[in-house]
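# Everything below, folded, please.
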Amino acid sequence: MKKRDRIIYWVATIWLSLGMVSTGIVQLVQMDEEVQKMNALGYPSYFLAIIGIWKLLGVVAILAPKLPLIKEWAYAGFFFLMSGAIFTHFAVGDVAAEYFGPSLLLILTIVSWYFRPANRKP
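This is a model prediction of the structure:
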């Protein structure tokens, strides 16, 4: 693996992890803003706990050494979660600013997955 690819992988993976951990914690503690946002999107507030746990477990899987098949599932979960968030914002007619967070995390997910080292692939 080229040094450039390794740098791209780690930068994308660290930013992805920070984004997922920070939003996962906010969702787990069910901050009022998040509960209101979920209700406006048409989801029940208990969904926040499910998403928050999935995000934190996904970050652990992606950062942990070995477990390549689990990493693939974590990347897939992040992809589905973020693409679902983008679609949901689109479906309810949210303003463009609401797309930024999920779009950035979706791009980071794809970049991290694409540039992952061979020892992190199944």
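# Could you find the residue nearest the spatial middle of the protein?
In the chain, the C-alpha nearest the mean C-alpha coordinate belongs to residue 78, at 4.2 Å (Cα atoms, centre = their mean).
# so is that residue in a helix, a strand, or just coil?
In the three-state summary, residue 78 is assigned as helix, counting by DSSP: H, G, I helix; E, B strand; the rest coil.
# Scan the protein for its longest helix.
For the chain, the helix with the greatest residue count under DSSP state H is helix 3-28.
# Who are the packing partners of that one?
Judged by 3 or more Cβ pairs under 8 Å, 6 or more residues apart in numbering; DSSP states H and E, helix 3-28 is in contact with helix 46-63, helix 100-114. (Glycine included, C-beta is placed from N, CA and C.)
# Need the residues that contact the first one.
Helix 46-63 is contacted from outside by 13, 16-17, 20-21, 23-28, 30, 34-35, 38, 67, 70-71, 73-75, 77-78, 81, 112, using Cβ atoms under 8 Å, 6 or more residues apart in numbering.
# roughly how far apart are the nearest residue to the residue nearest to the centre of the chain once chain neighbours are set aside and residue 58?
The shortest distance from residue 78 to any non-neighbouring residue, by Cβ to Cβ, 6 or more residues apart in numbering, is to residue 109 (4.4 Å). In this structure, residue 109 lies at 9 Å from residue 58, with Cβ to Cβ, to the nearest Å as the measure.
# got the angle for the worst-scoring helix or strand of the chain on mean pLDDT vs helix 3-28?
In the chain, no helix or strand scores lower on mean pLDDT, DSSP states H and E than helix 32-41, which sits at a mean of 90. Taking axes from the mean of the first three to the mean of the last three Cα atoms, to 10 degrees, helix 32-41 and helix 3-28 form an angle of 90 degrees between their directions.
# coming back round to it: between residue 109 and residue 58, what contacts are shared?
Listed as contacting both residue 109 and residue 58 by Cβ under 8 Å, 6+ apart are residue 78.
# Just the pLDDT for residue 63.
Confidence at residue 63, expressed as pLDDT, is 96.
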